[in-house]
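S.K.: Structure of the sequence below:
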Amino acid sequence: MQYTLILLTLIYINLVYSFQSKIMMNLGDNNHQIIGNKFNRLLPEIETKTILSQNNAYGVLSTLNRKSNLKGFPYGSLVGFSLTDNDKPFFIFSDLSLHTRNLIINNTASLYVNEYGFKMATDSRVSITGKLTTISDCNNYYKNKYLKYHPNADWVNLPDFKVYLMNEICDISFVGGFGKATKIRLKDYESALVDPIIFEIDKYIDYINKNFYNLIYEYISNKLHYDIENYYIKNLDSQGLNIIYDNSNFIRIPFKMKVYTIEDLKYALIKLLS
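M.R.: Model (predicted):
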């Protein structure tokens, strides 16, 4: 009787595991298509730094609440940020903001940032955790650097706004979709190079839409044999295009060459679509 019970339990576990695996495979197959091999995606540490290097970057900063009735509970704030020359996040906060007052009591915080064009749970995101400290801003170096990437943030020059730097990074987590979560070692993050497309990504997407939109539609329909009604370019990097079709389905199409300029992009698309 005991052996029969063990056998039935093992069969049950196997059936549940098989069922869950099929569900996850179907989710991936139907909604998140990758054409080609691993070379098509940026390395996690490069994608992490690229996500954090977006122009006009915003994320959710979690601090620990200082209020007596909520002391120690997380408090989320939507905040703008930029990176220093050694790629550490810095912020410009008002003394009056609750997240600023929280940091005075406990300077530990976590910043969550979505990839450019984030649409669904299969897309990439980053959480970077560390300690924030206020720093002096000689000659408005940090404020001017912030304004370079947040050109409409004139409020940074108000007298009660100060610079806060995540000088001590304790943890970096990268999620590249279902089953693609990984820890990024600090030394790998520090040595990674930003994918340069991110700095002018709007220009690249506009160029594709103006010159190659219909050709890409034909490529997806006729060469990849997808029955699609519409699509848009979610984003791109030096190794490929990320496309959303029919509102919620994702497909990544790799380039056959590395792309670093508009001229590179032109030749890569001609080579891909010919």
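S.K.: Kindly provide the distance from the most centrally placed residue in the chain to Leu236.
M.R.: Centroid-nearest residue in the chain: Glu115, 2.7 Å away (criterion: Cα atoms, centre = their mean). For Glu115, the distance to Leu236 equals 11 Å [Cβ to Cβ, to the nearest Å]. C-beta: built from backbone N, CA, C; applies to glycine.
S.K.: what's the overlap in contacts for these two?
M.R.: Between them, Glu115 and Leu236 share no contacting residue under Cβ atoms under 8 Å, 6 or more residues apart in numbering.
S.K.: quick one: low-confidence ranges for the protein?
M.R.: The model of the chain has pLDDT under 70 over residues 1-39.
S.K.: same thing but 90
M.R.: 1-41, 68, 72, 119-122, 138-139, 177-180, 247-248, 250, 274 (pLDDT under 90).
S.K.: nearest spatial neighbour of Lys148, skipping sequence neighbours?
M.R.: Using Cβ to Cβ, 6 or more residues apart in numbering and skipping residues adjacent in sequence, the residue nearest Lys148 is Ser82, 7.8 Å away.
S.K.: how far does the longest strand belonging to the chain sit from the chain's center?
M.R.: Taking DSSP state E as the criterion, the chain has its longest strand at strand 161-175. A distance of 15 Å separates the centroid of the chain from that of strand 161-175, by Cα atoms, centre = their mean, to the nearest Å.
S.K.: And it, what's buried?
M.R.: By 16 or more other Cβ atoms under 10 Å, the buried positions in strand 161-175 come out as 161-166, 169, 172-175.
S.K.: May I see those arranged in JSON lines, with distance to Ser136 as well?
M.R.: Listed next are these as JSON lines, based on distance: Cβ to Cβ, whole Å:
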{"residue": "Phe161", "distance to Ser136": "13"}
{"residue": "Lys162", "distance to Ser136": "9"}
{"residue": "Val163", "distance to Ser136": "8"}
{"residue": "Tyr164", "distance to Ser136": "12"}
{"residue": "Leu165", "distance to Ser136": "10"}
{"residue": "Met166", "distance to Ser136": "16"}
{"residue": "Ile169", "distance to Ser136": "21"}
{"residue": "Ile172", "distance to Ser136": "26"}
{"residue": "Ser173", "distance to Ser136": "31"}
{"residue": "Phe174", "distance to Ser136": "32"}
{"residue": "Val175", "distance to Ser136": "35"}
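S.K.: which one of those residues is nearest Asp137?
M.R.: Distance to Asp137, by Cβ to Cβ, is smallest for Val163 among the buried residues of strand 161-175, at 4.9 Å.
S.K.: Quick check: that closest one touching Lys145?
M.R.: No: counting by Cβ atoms under 8 Å, Val163 stays clear of Lys145, with 9.7 Å between them.
S.K.: show me where this protein has strands.
M.R.: 32-34, 58-64, 74-80, 82-83, 89-94, 108-114, 125-135, 161-175, 181-183, 231-237, 240-245, 249-254.
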